[in-house]
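**Student:** Give the three-dimensional model of this entry:
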Amino acid sequence: MGTLEKHDVATGGERVVSTVTRRVETALPATGTREWWVLYLLAPVVLVGAALLAFPTLVYDRFVWQYLWGPVVADAAGQPVTHEGIRAVRGYNAVNTVTYLAAVVYSLPGLRAYLDSLDVTYDARLAYGFAPIIVAGGAMRALEDIGLLGDYAVLFITPSIYFVVTAVTVLSLGVGALARNRNIGSIPSIVGLVGTVWAIGAVGWALWHGLSTSAPLRVWVPVATTGIALGMTALYYWGASVVDVAHLRHPLFLLAVFGQMWDAAQNLIGVTFLGYSPKLVVTNLVYQATGFSGSTFVLKLLVTGGIVWYLADAKDEMNHTWWWLMTFFIGAIGLPMGVRGSLRMMLGV
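**Tutor:** As a prediction, this is how the structure comes out:
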């Protein structure tokens with residue numbers, strides 16, 4: 001299933017693969033086959049379904065409702081909600097944070113198999129083609145925060161929004177592959193076009209709402225957050241040039257650093273000047289422990305720098321597809337948060 005492998009050993013030239021990995025790969029269907037897709041898509045459904053049947057109260061009431069679905073309902077309602085005496089509150093918690101992260105990791109083999117079936121080229125053009133859709137997702141999340149989506153709000157609350165953005169991306173990739181095969185476009189250009197139109201529409205809607213209300217419009221907020229992110233990305237590029245490590249200047253790393261620094265910048269501006277607090281569990285814990293408004297910024301700067309350095313060092317040793325996916329997702333995690341936070345603070349939400 002696309003398991004990461006070590007490179008050829010110096011003496012024998014054979015790949016070093018663990019016994020467990022070899023047995024798992026032998027037992028499972030080949031990646032991308034019909035049987036593999038059936039197993040890949042149905043396995044979590046069957047496991048969760050069996051758990052619900054065996055332990056309905058424990059699995060649904062005490063896990064799914066309290067930590068996963070309940071917070072979504074509470075977010076849409078704008079207040080805590082109760083089911084069978086169990087109270088659920090909006091926002092992230094340790095359980096849903098870990099669950100969402102696990103779901104993202106589980107989705108990577110499927111994403112890789114789908115991209116491989118379309119015969120895509122894993123390069124910077126593909127990553128930058130994906131970026132507008134991710135920005136659009138962050139803008140739609142902000143529109144839900146503002147209360148502009150009405151009955152459709154539940155579709156744009158975590159984790160529902162992940163499925164919506166994924167569906168749009170998958171369809172755009174398919175259309176892009178058809179356009180490429182007919183020589184009327186490319187996958188990055190079609191995906192980028194869809195994302196750009198969607199992002200402009202969502203951001204434009206937020207701006208129109210802000211201009212049509214009497215509340216003050218803090219245009220300086222997105223200017224400041226974007227400026228800080230661009231400045232930090234430029235500083236990173238300069239530092240990468242100084243140490244003269246070519247891989248550090250790869251365009252995917254620039255996207256990754258910009259995405260994470262945009263999220264860090266909106267946290268910094270919100271906590272320091274506007275009375276907000278970090279939303280994510282880890283960053284909020286660090287902020288509460290230190291009392292330092294720039295704690296999220298420093299944390300993201302250090303963690304992003306360490307991950308980027310590791311991936312740059314591993315670029316020639318790691319499978320290129322997995323390296324691309326891991327590097328891209330660093331930026332993909334930060335971009336929507338930067339957009340959402342900037343728009344919310346601009347409109348005073």
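
**Student:** Helices along the stretch 151-300 of the chain, start to end?
**Tutor:** Counting by DSSP state H, counting those that start in this stretch, the stretch 151-300 of the chain has helices at residues 160-181, 187-212, 220-243, 251-273, 281-290, 295-314.

**Student:** Over to the stretch 1-150 of the chain?
**Tutor:** Under DSSP H, counting those that start in this stretch, the stretch 1-150 of the chain gives helices at 19-27, 34-54, 56, 70-77, 94-117, 124-146.

**Student:** Just name the most buried of those helices.
**Tutor:** helix 124-146 (a mean of 22; mean count of other CB atoms under 10 Å). Quick note: C-beta positions are derived from backbone N, CA and C, even for glycine.

**Student:** Just tell me which of the helices of the stretch 151-300 of the chain ends up closest to Leu143.
**Tutor:** helix 187-212 (6.1 Å; CB to CB).

**Student:** I'd like to know how far Trp227 sits from Val89.
**Tutor:** You called it Trp, but residue 227 is Gly. 34 Å (CB to CB, to the nearest Å).

**Student:** which stretches of this protein aren't confidently modelled?
**Tutor:** 1-27 (pLDDT under 70).

**Student:** Identify the single longest helix in it, thanks.
**Tutor:** helix 320-347 (DSSP state H).

**Student:** in that helix, what's buried?
**Tutor:** 321-347 (16 or more other CB atoms under 10 Å).

**Student:** Likewise for stretch 288-295?
**Tutor:** Those would be Ser293, Ser295, for stretch 288-295 by 16+ other CB under 10 Å.

**Student:** Could you work out the end-to-end span of that stretch for me?
**Tutor:** 9 Å (CA to CA, to the nearest Å).

**Student:** quick one: contacts of it?
**Tutor:** Stretch 288-295 is touched from outside by Leu268, Val271, Thr272, Thr283, Val286, Tyr287, Val298, with contacts defined as CB atoms under 8 Å, 6 or more residues apart in numbering.

**Student:** swap in stretch 204-223?
**Tutor:** Against stretch 204-223 from outside (CB under 8 Å, 6+ apart): 139, 142-143, 146, 148, 266, 269, 274, 342-343, 345-348.

**Student:** of all the contacts of stretch 288-295, which comes closest to Leu58?
**Tutor:** Taking CB to CB as the measure, Leu58 sits nearest to Thr283 out of those, at 30.1 Å.

**Student:** Can you lay out the contacts of stretch 288-295 as JSON lines showing neighbour count?
**Tutor:** JSON lines is the format used below for the contacts of stretch 288-295 (neighbours: other CB atoms under 10 Å):
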{"residue": "Leu268", "neighbour count": "21"}
{"residue": "Val271", "neighbour count": "21"}
{"residue": "Thr272", "neighbour count": "13"}
{"residue": "Thr283", "neighbour count": "21"}
{"residue": "Val286", "neighbour count": "16"}
{"residue": "Tyr287", "neighbour count": "20"}
{"residue": "Val298", "neighbour count": "14"}
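
**Student:** so can I have TSV of the residues you listed showing distance to Val98?
**Tutor:** TSV is the format used below for these (distance: CB to CB, whole Å):
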residue	distance to Val98
Leu268	26
Val271	24
Thr272	29
Thr283	15
Val286	17
Tyr287	19
Val298	23
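
**Student:** Specify which member of those residues is nearest to Ile161.
**Tutor:** For these, the nearest to Ile161 is Thr283 (19.7 Å; CB to CB).
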